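# Coordinates for the following, if possible.
(one chain, ligands or ions: 2)
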Amino acid sequence: MERQIREYALDIGFDDIGFTSADPFPQLTEALEERRIGYKWVSDGLLQLSNAADPRFVLPSAKSIVVLIYDYHKQAYPPELANSIGKAYQSRLYPGKKRLFGSRLRLFKDFLQERGMEVGVRPAMPERQAAIRAGVGSFGCNTFVYSPGRGSYVAIVALAVSGELEPKMLEASSDCPDGCRQCIDACPTGALYEPYKMDPLRCIAFNTYGTGNFPGAPEVIPVEIREKMGSWIYGCDLCQDACPRNKIRLEQKLVPDAFLEKRAPKLAPTALLNMDQRYYLEFVQPVLYGYMWEKKFLQRNAAIALGNRNDETAVSLLGRAMKDPEEMVRSYTAWALGRIGGAASKKALEGALKSEDSPAVKAEIVSALNR
Ligand code: SF4
Ligand code: SF4
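Ligands and ions are numbered 1, 2, ... in the order given. As a prediction, this is how the structure comes out:
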C-alpha cells in the first residue's frame with residue numbers, strides 16, 4: 001500500500017512522501033504553551049494548532065499521517081518580485097478548487113479514499129513536526145523544514161488517515177553546520193531570536209498578512225517593524241535566502257515562470273496602492289490569493305514599501321491613497337508620507353488632515369507631520 005501511495009503521489013507531481021503514526025506531538029503543545037503570547041492567534045484563533053497537536057482531533061479514527069512534500073522552486077521567479085513577494089506566495093500553492101495545487105490534493109485524497117481510508121485535512125496540522133517524524137526533512141535554525149536535496153523552498157501537507165501505514169518515528173533533527181547563524185543575522189527585525197525560535201509578532205512575513213487580519217493577532221503593525229519591512233508586501237524570504245543549505249538551489253539556472261513574468265509589473269507596490277476591486281480580482285487575487293482576503297492589506301503593505309523606498313516620486317500616488325475609503329490604507333499611507341518627508345509630502349498630509357474624520361488616521365497624520 002505504501003508503495004502504491006508513494007508512486008501515485010510522485011505521479012501527480014509531489015516530490016516526496018513520508019508516513020508516520022498519528023500519535024500526538026506533545027513537544028508542539030509545550031512550545032505553544034511556552035510562547036503563549038506570540039502564538040495566541042495560532043492557539044485560540046484561526047488555526048487552533050494546539051488542538052491539531054493531536055491528529056485525532058482532526059480525524060478521530062486517525063492511525064497514520066501521510067506527509068507530502070512539494071518543491072516550489074522549479075521555475076525562476078521574476079527578479080522584480082524579489083524582496084517583495086515571498087516565493088511561496090508567488091507559487092500559487094493554494095488548495096482552492098480551481099487551483100492546480102488544490103486539484104493535486106483532491107486527486108490524492110480521492111486515491112486514499114478509494115482504498116477505504118478516511119482522510120482528515122485541516123487548515124493546520126503540525127506539518128513541520130510531522131515531516132520530521134516521517135523522515136522527509138530536518139529543521140533549520142530558521143524554523144523551516146529542509147527536504148534533502150531540495151532545501152527549504154518546499155510546501156508540506158500532512159493528512160491524517162485512518163489506514164495503518166508503516167510509520168517512521170524519527171526524532172527532531174537538524175543538519176545545520178555547527179556555529180552557523182546566517183539566518184539569524186539576516187533577519188532584520190530580530191524575529192529569529194535564537195536558533196529554532198521565532199517570534200511571529202516580530203516577523204515581517206506574519207506582519208504582512210497576519211496583523212490586523214487574523215483573529216487574535218495584533219491590529220497594528222508597530223512603527224519599528226514597518227521601518228524594517230523594507231520592500232516586502234507579502235511574506236519574507238530573507239532567512240531562507242541567506243542559508244547555505246539553500247545555496248545550490250538558489251544558484252540553479254531555472255526556466256522563468258512565464259505567467260509570473262507577465263504579471264510582475266501588475267504586482268508592483270505602485271500598481272497595488274490605488275487598485276480598485278476589479279483590478280484586484282482580475283490581476284492580483286489569482287496570484288496572491290491566500291491569507292489576505294481583502295485588498296486593503298496589500299494596499300497597506302504597498303504603502304509601507306513605498307514609504308521605506310524613500311522615493312519622492314511616490315508622493316503623488318500616496319497623496320491619492322489618502323482619499324482611499326479604507327481607514328487602514330489612509331493610516332499607513334500617512335505614515336509612509338511622513339517617512340518620505342519633504343514639502344510635497346507635507347502638503348499632501350496637511351490637505352488630508354482637513355477632510356479626515358477618523359481619529360486613528362488623524363493621529364497618524366499628526367505623527368507624520370511631526371516627523
Ligand atoms: S521571514 Fe523574515 S522577518 Fe521572519 S524570521 Fe525570517 S528573516 Fe526574520
Ligand atoms: S542559515 Fe545556517 S543556521 Fe540558519 S538554517 Fe541555514 S544552515 Fe541552519
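
# need the residues of the stretch 101-250 of the chain near ligand 2, please.
Contact residues, the stretch 101-250 of the chain versus ligand 2 (CB under 6 Å from any ligand atom): 140-142, 176-177, 180-183, 242-245. All C-beta atoms are positioned from the backbone trio N, CA, C, and that covers glycine.

# between those residues, which is closest to Glu227?
The closest of these to Glu227 turns out to be Ala242 (CB to CB; 20.1 Å).

# And the average pLDDT for stretch 233-243 is what?
Mean pLDDT, computed over stretch 233-243, is 97.

# Which ones among the residues of the stretch 101-250 of the chain next to ligand 2 map onto helices?
Using DSSP state H, the subset of those located in helices is 182-183.

# Throw the residues of the stretch 101-250 of the chain next to ligand 2 into a markdown table and include distance to ligand 1, thanks.
As requested, those are arranged in a markdown table below (distance: CB to the nearest ligand atom, whole Å):
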| residue | distance to ligand 1 |
| --- | --- |
| Gly140 | 11 |
| Cys141 | 11 |
| Asn142 | 6 |
| Cys176 | 15 |
| Pro177 | 19 |
| Cys180 | 15 |
| Arg181 | 12 |
| Gln182 | 11 |
| Cys183 | 7 |
| Ala242 | 8 |
| Cys243 | 10 |
| Pro244 | 15 |
| Arg245 | 14 |
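
# what's the spacing between Ala22 and Arg133?
11 Å (CB to CB, to the nearest Å).

# Could you do Gln285 as well?
Distance from Gln285 to Arg133, by CB to CB: 35 Å.

# more crowded one of these two?
Arg133 (25 against 17; other CB atoms under 10 Å).

# where's Ala158, which helix or strand?
strand 154-161 (DSSP states H and E).

# helices or strands next to that strand in the packing?
helix 55-58, strand 64-71, helix 100-114, strand 119-120, helix 127-133 (3 or more CB pairs under 8 Å, 6 or more residues apart in numbering; DSSP states H and E).

# Now do that strand: everything it contacts.
By CB atoms under 8 Å, 6 or more residues apart in numbering, the surrounding residues in contact with strand 154-161 are 15, 22, 55-56, 58-59, 62-72, 88, 91, 93, 101, 105, 108-109, 112, 117-121, 125-128, 130-131, 137, 145, 147.

# strand partners of it, parallel vs antiparallel please.
strand 64-71 (antiparallel), strand 119-120 (antiparallel) (DSSP bridges).

# Helix 100-114 and the longest one, what's the angle between them?
Relative orientation of strand 64-71 versus helix 100-114 (axes from the mean of the first three to the mean of the last three CA atoms, to 10 degrees): 150 degrees.

# Any chance you could give me strand 64-71 in CSV, C-alpha atoms only?
Only the C-alpha atoms of strand 64-71 are listed here, as CSV (Å, rounded to 0.1, in the frame of the first residue of the first chain):
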residue,chain,number,x,y,z
SER,A,64,-1.3,7.4,10.4
ILE,A,65,-0.2,10.7,8.9
VAL,A,66,0.8,11.0,5.3
VAL,A,67,3.2,13.8,4.6
LEU,A,68,3.6,15.2,1.1
ILE,A,69,6.4,17.5,0.0
TYR,A,70,6.1,19.8,-2.9
ASP,A,71,9.2,21.7,-4.2
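
# What segments of the stretch 201-350 of the chain are helices?
204-209, 223-228, 238-241, 247-251, 258-263, 269-272, 277-279, 285-288, 295-309, 315-321, 327-340, 343-355 (DSSP state H, counting those that start in this stretch).

# Rounded mean pLDDT for the first one, please.
Which is helix 204-209. On average, the pLDDT along helix 204-209 is 96.

# The nearest residue in space to Lys253 that is not next to it in sequence: how many residues sit nearby?
Once flanking residues are discounted, Lys253 sits nearest to Ala76: 7.9 Å by CB to CB, 6 or more residues apart in numbering. Ala76 has 14 neighbouring residues, counting by other CB under 10 Å.

# could you list every residue that touches Ala76?
253-257.

# Among these, which one sits closest to Pro359?
Asp257 (44.4 Å).
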